[in-house]
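K.L.:
Need coordinates for the below:
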Amino acid sequence: MAAADAQDFTGRLALGTVQFGLDYGINNTAGRPDDATVAEILSIAQAAGINLLDTAAAYGDSETRLGDWLGQAGAEPYPFALVTKLAAGPAGHVWHAFQNSLKRLRLTSVYGVLFHQFAGFRDKPAAWEVLCDAQAAGLVQRIGVSLYHPEEAEWLLANPLGVSLVQLPFNVFDQRFGPLLPALQRAGIEVHVRSAFLQGLLLRDPATLPAFFAPLAPKLVQLRALAQRAGIPLASLLLLFAAYAPGVGRAVIGVDTAANLRENLAAGAYRVPAELLRAELETLAETTTDFILPYTWPPRP
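P.N.:
Residues are numbered from 1 along each chain as shown. A predicted model of the protein is given here:
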């Protein structure tokens, strides 16, 4: 892969850090990575050219661990831009939560702040004003909200309130936002997509699926066949589908080992053949929301 292509690909990635603070994902059997693994992951990401981290106060001690790594690394200036997330609520609570996030991260400003839920953003205008004021004061560059349903994005487009950043799910199965991504981009809203692997579900061997997901087995078989036919690692194909979707600014990837991160970084080498499969991959879109919205899934045994 040419250096310019590699830089373009890593520039489209953001490193998600929920795994640093919580046991997360359908395939996670190892739990939270230890401090040495977190340091190794961040060092590899930095060396590869990933320059954005995604975190939240709700991600266990993820913010604290990131702040600790910065202190130990003695990095100056900070090697990553940060996006964190807050719950919408009374204005005073939002301001206090934002200040606490900055303290845990050992930063004086961040790249982005999102509210976790659209309903809180829409129904608590005083909370949104806090983020607008923080942006005006130079404490954050972009502000917005995490989305779960396309109608939320449609509402944002119809009611421009200064939102400049959203995060939303997008993957081979969950393509609900696909038609709206270019419109969000045109409106000046930077789009970060999460769940390229659908919390690991898209990487599961169809033969080992829990009973709840059994109806998805034929599509997973077809997905694996497409990747094998093109000679593209499955994880690479899935990540490239999300990262290069029209209108997407960043794809947030979550890893819990250095090897996992290196595997994701290697995906850029397959950009051209993966793009040739986009039309076929689009036919795998799943319309049963119980399968594509993780909050509807049964708990892991």
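K.L.:
From here on, just use CA atoms for contacts and neighbour counts.
P.N.:
Noted.
K.L.:
mind showing which ranges of the stretch 101-250 of the chain have poor pLDDT?
P.N.:
Judged against pLDDT under 70, the stretch 101-250 of the chain has no low-scoring part.
K.L.:
gap between residue 153 and residue 146?
P.N.:
Applying Cα to Cα, to the nearest Å, the value for residue 153 to residue 146 is 10 Å.
K.L.:
Looking at these two now, which is surrounded by more residues?
P.N.:
Of the pair residue 153 and residue 146, residue 146 is the one with more neighbours under other Cα atoms under 10 Å, namely 25 against 22.
K.L.:
Residue 190: what's its closest spatial neighbour, skipping adjacent residues?
P.N.:
The shortest distance from residue 190 to any residue that is not its chain neighbour, by Cα to Cα, 6 or more residues apart in numbering, is 4.7 Å, and that residue is residue 165.
K.L.:
Surely residue 206 and residue 213 touch.
P.N.:
No: look at residue 206 against residue 213 with Cα atoms under 8 Å: they stay out of range, at 9.1 Å.
K.L.:
So the two - more neighbours on which side?
P.N.:
Set residue 206 next to residue 213 and count neighbours by other Cα under 10 Å: residue 206 wins out with 19 against 14.
K.L.:
Contacts only, for the more buried one.
P.N.:
Residue 206 sits next to 214, 217-218, 220-221 when contact means Cα atoms under 8 Å, 6 or more residues apart in numbering.
K.L.:
Go through these and say which is closest to residue 264.
P.N.:
Lowest distance from residue 264 to these (Cα to Cα) belongs to residue 220, with 19.6 Å.
K.L.:
Need the residues that contact the helix or strand harbouring that closest one.
P.N.:
Using DSSP states H and E, the element containing residue 220 is helix 217-230. Judged by Cα under 8 Å, 6+ apart, the contacts made with helix 217-230 from elsewhere in the structure are 202, 205-207, 209, 233-234, 237, 273-274, 277, 281, 284.
K.L.:
Which is the succeeding secondary structure element to it?
P.N.:
Later in the chain than helix 217-230, the nearest helix or strand by DSSP H and E is helix 234-243.
K.L.:
quick check: angle from that next one to helix 217-230?
P.N.:
Using axes from the mean of the first three to the mean of the last three Cα atoms, to 10 degrees, one finds that helix 234-243 and helix 217-230 are set 100 degrees apart in direction.
K.L.:
just the CA coordinates of whatever helix or strand comes next after helix 234-243, formatted as PDB?
P.N.:
For helix 234-243, the succeeding helix or strand toward the C-terminus, using DSSP H and E, is strand 250-254. Below are the C-alpha coordinates for strand 250-254, written out as PDB (Å, rounded to 0.1, in the frame of the first residue of the first chain):
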ATOM      1  CA  ARG A 250     -14.300   8.500  10.500                       C
ATOM      2  CA  ALA A 251     -14.900   4.800  11.400                       C
ATOM      3  CA  VAL A 252     -14.500   4.100  15.100                       C
ATOM      4  CA  ILE A 253     -12.700   0.800  15.700                       C
ATOM      5  CA  GLY A 254     -12.500  -0.900  19.100                       C
END
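K.L.:
any idea how far strand 250-254 is from the chain center?
P.N.:
A distance of 4 Å separates the C-alpha centroid of strand 250-254 from that of its chain, computed with Cα atoms, centre = their mean, to the nearest Å.
K.L.:
Can you list the strands that it pairs with?
P.N.:
Strand pairing for strand 250-254, determined by DSSP bridges: strand 13-16 (parallel), strand 190-194 (parallel).
K.L.:
got those as JSON lines, with distance to residue 183 and mean neighbour count columns?
P.N.:
Conversion of those to JSON lines gives the following (distance: least, Cα to Cα, whole Å; neighbours: other Cα atoms under 10 Å):
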{"stretch": "strand 13-16", "distance to residue 183": "21", "mean neighbour count": "24"}
{"stretch": "strand 190-194", "distance to residue 183": "10", "mean neighbour count": "24"}
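K.L.:
What segments of the stretch 101-250 of the chain are strands?
P.N.:
Along the stretch 101-250 of the chain, the stretches classed as strands by DSSP state E, counting those that start in this stretch are 110-115, 140-146, 165-169, 190-194, 250-254.
K.L.:
can I get the ones you listed in JSON lines with distance to residue 82?
P.N.:
Rendered in JSON lines, the data for the strands of the stretch 101-250 of the chain read as follows (distance: least, Cα to Cα, whole Å):
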{"stretch": "strand 110-115", "distance to residue 82": "5"}
{"stretch": "strand 140-146", "distance to residue 82": "9"}
{"stretch": "strand 165-169", "distance to residue 82": "13"}
{"stretch": "strand 190-194", "distance to residue 82": "13"}
{"stretch": "strand 250-254", "distance to residue 82": "12"}
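K.L.:
Cool, thanks, talk later.
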